[in-house]
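Colleague: Below are the sequence and a predicted model; questions follow.
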Amino acid sequence: MNGEVKNLSVQEVKEGLDRGEIVLVDVREPHENAAERIPGGFLNALQSFDPAALPDPEGKRIVFYCRSGRRSVTSSQLAQAAGLPYDEHMAGGLLAWKEAGYETES
């Protein structure tokens with residue numbers, strides 16, 4: 001395992017969510033998640049990241065996201081290092097999501 005992480009565009013993530021194919025995992029800090037988040041995501045903050053606490057994707061793909069796309073890459077690498085097959089993140093993070101005009105909640 002080389003820890004490579006695939007960049008997904010916000011459009012790819014939005015389409016995957018709409019089709020019910022993606023489970024989003026927010027790896028920002030709890031206070032960031034409380035202030036604003038993408039609806040339906042799970043929180044597993046990078047600072048205390050626990051691969052064992054990731055939700056069971058039940059056949060879906062787990063995709064990590066953060067504010068700008070840096071912490072989500074690290075989280076994916078940590079998950080892979082723990083033997084999990086989760087190698088996708090949302091490039092550009094929440095900033096790109098909002099720039100694309102997609103919905104957030106607080």
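Modeller: Thanks, I have the structure now.
Colleague: Can you pull the poorly scored residue ranges out of this structure?
Modeller: Applying pLDDT under 70 to the predicted model, the residue ranges of the chain that meet it are 1-2.
Colleague: Quick one: the strands in it, in order.
Modeller: 6-8, 22-26, 42-43, 61-65, 88-90 (DSSP state E).
Colleague: hang on, W97 packs against T104?
Modeller: Yes: with contact defined as CB atoms under 8 Å, W97 counts as touching T104 (7.1 Å). (Glycine included, C-beta is placed from N, CA and C.)
Colleague: Can you tell me the closest non-neighbouring residue to the residue nearest the centre of the chain?
Modeller: By CA atoms, centre = their mean, the chain has its centre lying nearest to F64, at 1.8 Å. Spatial nearest neighbour of F64, excluding adjacent residues (CB to CB, 6 or more residues apart in numbering): S72 at 3.8 Å.
Colleague: Could you pull up the residues touching the one you found?
Modeller: 27, 64-66, 89-90, 93 (CB atoms under 8 Å, 6 or more residues apart in numbering).
Colleague: swap in L24?
Modeller: 13, 17, 38, 40-42, 63-65, 90 are the contacts of L24 under CB under 8 Å, 6+ apart.
Colleague: If we use 10 Å, what do you get?
Modeller: Shown here is L24, whose contacts under the criterion CB atoms under 10 Å, 6 or more residues apart in numbering are 13, 16-17, 37-42, 55, 60-65, 90, 97.
Colleague: returning to what we had before: farthest-apart pair in the contacts of S72, please.
Modeller: V27 and M90 (10.5 Å; CB to CB).
Colleague: Find residues that contact each of these two.
Modeller: Overlap of the contact sets of V27 and M90 (by CB under 10 Å, 6+ apart) consists of 64-66, 72.
Colleague: tell me the angle the top helix by length along the chain makes with strand 61-65.
Modeller: For the chain, the longest helix by residue count, based on DSSP state H, is helix 70-81. If you take axes from the mean of the first three to the mean of the last three CA atoms, to 10 degrees, helix 70-81 sits at 140 degrees to strand 61-65.
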